[in-house]
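Asker: Sequence and computational prediction follow.
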Amino acid sequence: MEIDYQKLPKVELHLHLDGSVRLTTLKELTNLSDEEIYRKCVSSDSKNLKDYLTKFTIPLELMQTKDNITRITKELIEDLKKDNVIYAEIRFAPYLHTRGGLSYYEVIESVLKATQNNKTPKINFILCMLKNLDENENRKVIDYARIFLNHGIGGVDLAGDESMASLESYKELFKYAKSRKVPFTIHQGEVSSKGLDIAISLAPKRIGHGIKIIDDCELLEKMKKSKITLEICPTSNINTKAFSTVKDLPIKKLFDLGIPITINTDNRTVSNTNLNKEYELLAKEFHFTKEDFIKMNKNAIKASFLPYVDKLKLEILYDELVK
């Protein structure tokens, strides 16, 4: 039966704010041509992850003022609502927005300001630590997440090039997050399975990407036992050349193995996508059904950084909406 992707209520857990700036807004704020904006901000022919990350240069240059940060966040929330996303966790790295003199606190407040008077979709934010920052700087991110926890901020993430440093270097950082009772997810396993064993041992709620776990049978068994949820980003994985084509993505294999997976866009603008497109892509290639997507969305709700009661409410709402 044909799936109406627009009508299907959706949940997204892996979504970068700076990778999801409207093209019309980028054009307005830069005065560049449509062709220049598309070439510099959309990944149509990236050679690898490093090349893909160059598409964030212009958005980040613009996101150094309170007004721009609030506007861009508000517009993303509006776009999610149009796509019938009922809950999303949007992530950003406060450090990347301090070049113009803003403090971490001002950056976070500017993002949260965009949710004022917003009823749907429900939004939580994730603060990103970065692999190229020292431990003290990353601890600040955890401290701010603790201050705003359950008041707009749901947890933290560790983002950055996987080849930069071993996750071993960040064990104390995640111990600190646990001591502060701050939930966390970790970017790992996008480029290779290396480091996923450490990521699993750190017991995060989720792992961002993690798709290269398919290359290691032993790790697959550990993942199944851990019940850690994977934040899968199909189009992004093709853009970064983690996989050559859609059919190469091991998403169906992971799903059939019973590993909890969720479907996400990663970066709506950079990857020129939304969840409707992602679902359609996967249904066409792997014959996922509406019931399969419902299961993935319920996985996302269970793995969300919402407080327990809010999570239950969202589960009830979701069940009502898909009746």
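Answerer: On my side now, so go ahead.
Asker: What are the boundaries of the helices in the stretch 201-323 of the chain?
Answerer: Ranges of helices in the stretch 201-323 of the chain, per DSSP state H, counting those that start in this stretch, are 217-226, 234-239, 251-256, 275-286, 290-302, 308-321.
Asker: Verify the assumption that Arg91 is located in a strand.
Answerer: Yes - for Arg91, which was evaluated using DSSP: H, G, I helix; E, B strand; the rest coil, the result is membership in a strand.
Asker: Can you report how many residues lie near Ile207?
Answerer: Burial of Ile207, expressed as a neighbour count using other Cβ atoms under 10 Å, amounts to 26. (Each C-beta comes from the backbone N, C-alpha and C, glycine too.)
Asker: Apologies, that question was intended for Lys247.
Answerer: Here the count is done by other Cβ under 10 Å, and Lys247 has 9 residues near it.
Asker: measure it to Tyr5 for me?
Answerer: Here Lys247 is placed at a distance of 20 Å from Tyr5 (Cβ to Cβ, to the nearest Å).
Asker: Phe288 too?
Answerer: In this structure, Phe288 lies at 11 Å from Tyr5, with Cβ to Cβ as the measure.
Asker: for Asn299, same thing?
Answerer: Using Cβ to Cβ, one obtains 18 Å as the distance from Asn299 to Tyr5.
Asker: Strands of the protein, start to end?
Answerer: Applying DSSP state E to the chain gives strands spanning 10-16, 85-92, 122-130, 153-159, 184-188, 206-209, 229-232, 261-263.
Asker: got TSV for these, with distance to Ile294 too?
Answerer: Converted to TSV, the strands of the chain look like this (distance: least, Cβ to Cβ, whole Å):
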stretch	distance to Ile294
strand 10-16	10
strand 85-92	13
strand 122-130	18
strand 153-159	23
strand 184-188	22
strand 206-209	19
strand 229-232	16
strand 261-263	12
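Asker: Dump these to TSV, plus distance to Tyr279 and mean pLDDT.
Answerer: Formatted as TSV, the entries for the strands of the chain read as follows, by distance: least, Cβ to Cβ, whole Å; pLDDT from 0 to 100:
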stretch	distance to Tyr279	mean pLDDT
strand 10-16	8	98
strand 85-92	12	98
strand 122-130	20	97
strand 153-159	24	97
strand 184-188	22	97
strand 206-209	18	97
strand 229-232	12	98
strand 261-263	7	98
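Asker: Select, out of these, the one closest to Ser271.
Answerer: With distances scored as Cβ to Cβ, the stretch of the strands of the chain nearest to Ser271 is strand 10-16 (10.0 Å).
Asker: so that closest one versus helix 308-321, what angle?
Answerer: Counting by axes from the mean of the first three to the mean of the last three Cα atoms, to 10 degrees, strand 10-16 points 130 degrees away from the direction of helix 308-321.
Asker: other SSEs contacting strand 10-16?
Answerer: strand 85-92, strand 206-209, strand 261-263, helix 275-286, helix 290-302 (3 or more Cβ pairs under 8 Å, 6 or more residues apart in numbering; DSSP states H and E).
Asker: who are the neighbours in contact with the nearest residue to Phe174 once chain neighbours are set aside?
Answerer: Nearest in space to Phe174, with sequence neighbours left out and distances taken as Cβ to Cβ, 6 or more residues apart in numbering, is Leu202 at 5.0 Å. Contact criterion Cβ atoms under 8 Å, 6 or more residues apart in numbering gives 167, 171, 174, 186 as the residues in contact with Leu202.
Asker: who touches the third one in this structure?
Answerer: For Phe174, the contacting residues are 158, 184, 186, 202, 204, taking Cβ under 8 Å, 6+ apart as the criterion.
Asker: And for the first one?
Answerer: When contacts are counted by Cβ under 8 Å, 6+ apart, Leu167 is found next to 158, 186, 188, 195, 198-199, 202.
Asker: How many neighbouring residues does Ala177 have?
Answerer: For Ala177, the neighbour count with other Cβ under 10 Å is 25.
Asker: Contacts only, for it.
Answerer: Counting by Cβ under 8 Å, 6+ apart, Ala177 makes contact with 142, 145, 156, 183-184.
Asker: so where's this protein shaky on pLDDT?
Answerer: Applying pLDDT under 70 to the chain flags the ranges 1.
Asker: returning to what we had before: joint contacts of Phe288 and Tyr5?
Answerer: Common neighbours of Phe288 and Tyr5, counting by Cβ under 8 Å, 6+ apart, are Tyr279.
Asker: re earlier: please tabulate the helices and strands packed on strand 10-16 in TSV, including the columns distance to Tyr105.
Answerer: Below are these laid out as TSV (distance: least, Cβ to Cβ, whole Å):
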stretch	distance to Tyr105
strand 85-92	14
strand 206-209	25
strand 261-263	30
helix 275-286	32
helix 290-302	29
